[in-house]
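Asks: Kindly generate the corresponding structure for this input.
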Amino acid sequence: METFPEEPQQITLQDENIDYWTFIQKESVKSIEEIETILQDLGLSKNEIQVYLYLALYNERKASEISKALHLHRTNTYQILRDLEKKGIVSSRLEKPLKFVATPFEKAIDTLIEAKKLNLQTLERKKKNLVNVWLSLPKPKIESSQKEIFQILEGEEQVTLKMAEAIQNAQNEIALFISENDMVPFYNAGLLEPLQKNSSLDVKLLTDNSPKARFFVEKLRLQNKRYASTEINSIPTFALIDRSCLIFLIKCFAEKSGKRAAQPGISALWTNYEAFIKALSALFTQLWNGGNKT
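Replies: As a prediction, this is how the structure comes out:
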């Protein structure tokens, strides 16, 4: 007997007040979670996301229906709906009883993104005045002294921004060791581009002697680059800037099936601790002198 694959389980609407998750195909839960993450990044709270998605699925609903379906207090539901109206992604129909309608999803995303852009533009305009106010404040007289500090950088965004800032502020020299596993994400993130554009810097790039590392390094037009023995591929990526500060990857970029994972668990240490810098400088010099120059 010929058999056919089972179709994905689709639950039909029977109880209008049941939780909206029930009406999504089980296979779509991860997609909905991804949507929720993006909406959070765009400034919506968890309750606002649930209310908006519920309305987006059901076209229009009364506040009492939303409250009952999502197990929210009615007063809280009204407040959430008003907040979503202010954000421009929910509207209300002037009829009795009052009903609320969600802005189509694609248009809602555009609206939230534009609001983010406007907020950033406003902050940019306020920046100069804010800095002037800060500088005008009376400051206590404290003898300036160089303090040795450690800063933990969590997440790809923080690490990328700190690395780009360090490269931009470098005056004389950058000594950079990149492990084979970090070469691809470093290259794709554009972190290595400023190195080849700034001709006044003495840039030394050292990496593993492997086909993958060589492929990406050769795409960079750097004067000083060397390949070290593959036995060193267990050493984490690190960058020495002017031999005065150090960025040291504690947890490297994650890779999955040749691609970076959706949420790479990268973290790094930034420090100007002299003893630590001297130790890594000595290691870099030893590897550099023993490497194969190209």
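Asks: can you list the domain ranges for the chain.
Replies: Under automatic domain parsing, the residue ranges defining each domain of the chain are 20-107, 150-293.
Asks: Next, the buried residues of whichever strand or helix holds Leu161.
Replies: Secondary structure from DSSP states H and E places Leu161 in helix 156-169. Going by neighbour count (16 or more other Cβ atoms under 10 Å), the buried part of helix 156-169 is Glu156, Gln158, Val159, Thr160, Lys162, Met163, Ala166, Ile167. Glycine gets a C-beta too; all of them are placed from N, C-alpha and C.
Asks: For those, give me TSV that also has distance to Glu114.
Replies: What follows is these, written out as TSV (distance: Cβ to Cβ, whole Å):
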residue	distance to Glu114
Glu156	25
Gln158	26
Val159	29
Thr160	25
Lys162	29
Met163	30
Ala166	33
Ile167	32
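Asks: ok, those residues vs Pro185, which is closest?
Replies: Ranked by distance to Pro185 (Cβ to Cβ), the buried residues of helix 156-169 are led by Glu156 at 8.1 Å.
Asks: How about that closest one, nearest residue that isn't a chain neighbour?
Replies: Ile266 (5.1 Å; Cβ to Cβ, 6 or more residues apart in numbering).
Asks: State the number of residues packed around the one you found.
Replies: When neighbours are defined as other Cβ atoms under 10 Å, Ile266 has 24 of them.
Asks: Distance-wise, check it relative to Asp182.
Replies: 9 Å (Cβ to Cβ, to the nearest Å).
Asks: swap in Lys225?
Replies: 15 Å.
Asks: ok, so what distance separates the residue nearest the centre of the chain from Ser267?
Replies: Note on the chain: the residue nearest the mean C-alpha position is Glu157, at 4.4 Å, using Cα atoms, centre = their mean. As for Glu157, its distance to Ser267 is 12 Å (criterion: Cβ to Cβ).
Asks: For the protein, just list every one of the strands.
Replies: Along the chain, counting by DSSP state E, strands occupy 60-62, 90-93, 99-102, 150-154, 173-178, 202-208, 224-228, 238-241, 245-251, 255-256, 259-260, 267-271, 292-293.
Asks: Export those as CSV, with columns for distance to Asp83 and mean neighbour count.
Replies: CSV is the format used below for these (distance: least, Cβ to Cβ, whole Å; neighbours: other Cβ atoms under 10 Å):
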stretch, distance to Asp83, mean neighbour count
strand 60-62, 16, 16
strand 90-93, 9, 16
strand 99-102, 12, 20
strand 150-154, 30, 14
strand 173-178, 46, 22
strand 202-208, 50, 21
strand 224-228, 54, 18
strand 238-241, 44, 23
strand 245-251, 37, 19
strand 255-256, 37, 12
strand 259-260, 35, 14
strand 267-271, 34, 20
strand 292-293, 61, 10
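Asks: of all these, which lies closest to Asn132?
Replies: Among the strands of the chain, if distance is taken as Cβ to Cβ, the winner is strand 150-154, at 27.1 Å.
Asks: Show me which parts of stretch 80-99 are buried, residue by residue.
Replies: Within stretch 80-99, the residues that count as buried by 16+ other Cβ under 10 Å are Ile80, Leu81, Asp83, Leu84, Lys87, Ile89, Val90, Lys99.
Asks: can you tell me which two in these are farthest apart?
Replies: Lys87 and Lys99 (18.4 Å).
Asks: packing partners for the lengthiest helix in the chain?
Replies: With secondary structure taken from DSSP state H, the chain has its longest helix at helix 105-136. Under the contact criterion of 3 or more Cβ pairs under 8 Å, 6 or more residues apart in numbering; DSSP states H and E, helix 105-136 touches helix 46-58.
Asks: list the helices and strands the helix it packs on packs on?
Replies: Packing contacts for helix 46-58, counted by 3+ Cβ pairs under 8 Å, 6+ apart, involve helix 29-41, helix 63-70, helix 74-86, strand 90-93, strand 99-102, helix 105-136.
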